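Undergrad: Return a 3D structure for these sequence lines:
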Amino acid sequence: DLDGAIRSGYFLKEGLGNNEDFYYLNLLITVTAPTVDELEWKVNEMKKLLMSRDMDVCSCAFHEEQAFLSSLPLVSMEKHLYERSKRNALTTGVASCYPFTSYELSDENGILFGLNKYNNSPVIIDIFDSKVYKNANIAVCGTSGAGKTFLILLMALRMRRKGIQVFMLAPLKGHEFHRACVNTGGEFISISPASKSCINVLEIRKIDKSVEETLDGPGIERSELAAKIQRLHIFFALLIPDMSYEEKQLLDNALIRAYARKGITHDNASLSDPDNPNVYRQMPVLGDLYDVLREESDTKRLSNIINRFVHGSASTFNQQTNVNLDNKFTVLDISELSGDLLPTGMFVALDFVWDKAKANRTEEKAIFIDECWQLIGGGSGTFGVGNRLAAEMVLEIFKTIRAYSGSGICATQDLNDFFSLDNGKYGKGIINNCRTKVILNLEDEEAQRVQQVLHLSEAEVMEITHFERGNGLISSNNNNITVEIKASPLERDLITTDRRELLDLLRRMKRPEA
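TA: Numbering: from 1, shown residues only. The predicted structure follows:
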């Protein structure tokens, strides 16, 4: 109509005035099918789809051969079709048609994620290939039941098969990791007052520095005791958020005295066991610190609080480390902790994992954090300062693990909590430090939030809100690919949480006994 022609003219004039170029654009769509009936159905559905988006379309009746030849990458178009289908466009319009998004993603030494939904090509990603990916971090987002835990366990099993060191933190539903961990010969560590497992929070762990010294030469010697005490101040800040500056100083003195009673000083040589110089001497436990604090009236309040971990309901924390910390597949379950014990248990887990991750810069390792919103969300707990310190520790991992040939992989479902603390400082920091994002099914509100962060198109947002379980959008290196997550029957048996699949697994496991 006349009004439309006038608006189009003004649009072209404005674009040309902004230094855009004028082009003629032709768009040909090839539809294929194994049968004539299916072909006709697909053509009709394609026409309906385009018309619903206010796009005119017509078939190339009696010109099918010319249309097919014109669609081939021969840079040659049949004149009649060219004149019939050409439309004018400006630079921005032409650029929007260029396929910057890769149709296939298949790295040489990666792990299989699944199949490309549109061409069934395998989606294989090697996140540790530093020539392709700026970092190896991954963020997985999805609503409850979308398959986040399934996906990260699948990635963990396949990384373990490649010899990559795997650590998994489970703030919720730790039992979902147990079956896979045990059946792969892993170490399942439950951190809770009811568990017999213990990681001594005061332990200074021996780190093999031979690789560092070979690469960089002898480094400047730093007091391992001072570094450990610095981290312990974070632990006690989580445990006692209202600790005064005076109490912090008194605690510092008490820690030094507790280590001194075990023969440990700021001289790193004092860490070695005199009877066996290749290992560190026995470390103090919380009970030793409690005894030191009880000796002074000024530290009575601190000793009363720590008493819970020495003689109270959480006394399992008061012992030497009794688990294998060198296993290649280690799961740390902190899901049984609640209230003020959650941040302290989380610190114990992260402190251990971070020590191991920094031990060898040439060894690939991956730290998985399921339900990450539990650790960094402003609304996930009531421990105030502790919540912020926990978030700082998680963010530090994602910012710096690349320097140690590592990968930080987090999964979250509650995006509102994930972005709530300090106006989303920690959630955004983690997302921005993840080169690869995997978006599973999301509700409309959360999909809109992800769209802003990842700059997704409206079509991609629509797709995300309609994903079935096991489907996702992988966004990596500016490529967005819709993938169907695929697991082998054995892998599915090890990691499924679906009730029906668990019942079937139970029947199959009982069958030999019948």
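
Undergrad: could you pull out the strands for the stretch 351-500 of the chain?
TA: All strands of the stretch 351-500 of the chain, identified by DSSP state E, counting those that start in this stretch, fall at 365-369, 406-412, 436-439, 471-476, 479-485.

Undergrad: How about the stretch 151-300 of the chain?
TA: Applying DSSP E, counting those that start in this stretch to the stretch 151-300 of the chain gives strands spanning 165-170, 187-190, 272-273, 276-280.

Undergrad: Figure out which of these is closest to residue 69.
TA: Distance to residue 69, taken as C-beta to C-beta, is lowest for strand 165-170 among these, at 52.3 Å. To be clear about C-beta, it is placed using only N, CA and C from the backbone, and glycine gets the same treatment.

Undergrad: Tell me which residues of stretch 20-31 come out buried.
TA: Buried residues in stretch 20-31, counted by 16 or more other C-beta atoms under 10 Å: residue 20.

Undergrad: Give me the distance between the two termini of that stretch.
TA: Using C-alpha to C-alpha, to the nearest Å, one end of stretch 20-31 lies 33 Å from the other.

Undergrad: And the contacts of that stretch?
TA: Stretch 20-31 is contacted from outside by 12, 16, 39, 42-43, 46, 57, 67-68, 70-71, 77, 81-82, 85-94, 97, using C-beta atoms under 8 Å, 6 or more residues apart in numbering.

Undergrad: among the residues you listed, which are in helices?
TA: Judged by DSSP state H, the subset of the contacts of stretch 20-31 located in helices is 12, 16, 39, 42-43, 46, 67-68, 70-71, 81-82, 85, 91-94, 97.

Undergrad: So among the residues you listed, which ones count as buried?
TA: For those, buried by 16+ other C-beta under 10 Å: 67, 70, 81, 85.

Undergrad: which residues does the second one contact?
TA: Meaning residue 70. The contact partners of residue 70, by C-beta under 8 Å, 6+ apart, come to 28, 76-78, 81-82.

Undergrad: if we take these, which one ends up nearest to residue 207?
TA: Closest approach between those and residue 207, by C-beta to C-beta: residue 28, at 61.6 Å.

Undergrad: ok but the closest one is inside a strand, no?
TA: No: when classified by DSSP: H, G, I helix; E, B strand; the rest coil, residue 28 is found to be coil rather than part of a strand.

Undergrad: For it, grab phi and psi.
TA: The phi/psi pair for residue 28 (degrees, to the nearest 10) reads phi -110, psi 140.

Undergrad: Output the strands of the stretch 151-300 of the chain in a markdown table, with mean neighbour count and mean pLDDT appended to each entry.
TA: Listed next are the strands of the stretch 151-300 of the chain as a markdown table, based on neighbours: other C-beta atoms under 10 Å; pLDDT from 0 to 100:
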| stretch | mean neighbour count | mean pLDDT |
| --- | --- | --- |
| strand 165-170 | 26 | 92 |
| strand 187-190 | 22 | 93 |
| strand 272-273 | 14 | 91 |
| strand 276-280 | 11 | 89 |
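
Undergrad: can the ones you listed go into a markdown table with extra columns for distance to residue 425?
TA: Output for the strands of the stretch 151-300 of the chain, formatted as a markdown table (distance: least, C-beta to C-beta, whole Å):
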| stretch | distance to residue 425 |
| --- | --- |
| strand 165-170 | 21 |
| strand 187-190 | 30 |
| strand 272-273 | 42 |
| strand 276-280 | 37 |
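
Undergrad: the strands in the stretch 1-150 of the chain, which residues?
TA: Here the stretch 1-150 of the chain has its strands, by DSSP E, counting those that start in this stretch, at 22-25, 87-90, 111-116, 122-125, 138-141.

Undergrad: The ones you listed: which one's closest to residue 449?
TA: Nearest to residue 449, of all the strands of the stretch 1-150 of the chain, is strand 138-141, at 9.3 Å by C-beta to C-beta.

Undergrad: Other residues contacting that closest one?
TA: 127, 148, 151-152, 155, 407-413, 415, 430-431, 434-440, 442, 446, 450.

Undergrad: Now that strand - C-alpha only, CSV.
TA: Coordinates of each C-alpha in strand 138-141 appear next as CSV, following Å, rounded to 0.1, in the frame of the first residue of the first chain:
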residue,chain,number,x,y,z
ILE,A,138,30.7,-23.8,32.2
ALA,A,139,27.5,-22.5,33.7
VAL,A,140,24.4,-24.7,33.5
CYS,A,141,21.0,-23.0,34.0
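
Undergrad: that older thread, tell me the most buried of the strands of the stretch 351-500 of the chain?
TA: strand 406-412 (a mean of 27; mean count of other C-beta atoms under 10 Å).

Undergrad: for that strand, packing partners?
TA: Counting contacts by 3 or more C-beta pairs under 8 Å, 6 or more residues apart in numbering; DSSP states H and E, strand 406-412 is packed against strand 138-141, helix 148-161, strand 365-369, helix 385-400.

Undergrad: ok, residues contacting it?
TA: Against strand 406-412 from outside (C-beta under 8 Å, 6+ apart): 127-128, 135-142, 148-149, 151-152, 155, 357, 364-373, 394, 397-398, 401, 418, 430, 433-434.

Undergrad: How is this structure divided into domains?
TA: 2-97, 102-174+357-514 (automatic domain parsing).

Undergrad: okay, how far is it across the first one, tip to tip?
TA: Pointing back at domain 2-97 there. Terminal-residue distance, domain 2-97 (C-alpha to C-alpha): 27 Å.

Undergrad: tell me the mean pLDDT for it?
TA: Across domain 2-97, the average pLDDT comes to 86.

Undergrad: What segments of the stretch 201-350 of the chain are helices?
TA: Counting by DSSP state H, counting those that start in this stretch, the stretch 201-350 of the chain has helices at residues 210-216, 224-239, 245-260, 286-294, 300-310, 341-357.

Undergrad: Turn those helices into JSON lines, including distance to residue 482.
TA: Shown next, in JSON lines, are the helices of the stretch 201-350 of the chain (distance: least, C-beta to C-beta, whole Å):
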{"stretch": "helix 210-216", "distance to residue 482": "41"}
{"stretch": "helix 224-239", "distance to residue 482": "41"}
{"stretch": "helix 245-260", "distance to residue 482": "52"}
{"stretch": "helix 286-294", "distance to residue 482": "50"}
{"stretch": "helix 300-310", "distance to residue 482": "49"}
{"stretch": "helix 341-357", "distance to residue 482": "32"}
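
Undergrad: Packed most tightly, which of these would that be?
TA: Mean neighbour count, computed with mean count of other C-beta under 10 Å, is highest for helix 341-357 among those, reaching a mean of 23.

Undergrad: the inter-axis angle of that one versus helix 224-239?
TA: 150 degrees (axes from the mean of the first three to the mean of the last three C-alpha atoms, to 10 degrees).

Undergrad: Which other helices and strands does helix 341-357 contact?
TA: strand 165-170, helix 224-239, strand 329-333, strand 365-369, helix 385-400.

Undergrad: what does the third one contact?
TA: In this case it means strand 329-333. Contacts for strand 329-333 (C-beta under 8 Å, 6+ apart): 156, 160, 166-170, 174-175, 177-178, 181, 184-192, 349, 352-353.

Undergrad: Which neighbours in the sheet does that strand have, and how are they oriented?
TA: strand 165-170 (parallel), strand 187-190 (parallel) (DSSP bridges).

Undergrad: Between these, which one is closest to residue 491.
TA: Across the strands paired with strand 329-333, closest to residue 491 is strand 165-170 (C-beta to C-beta), at 14.4 Å.
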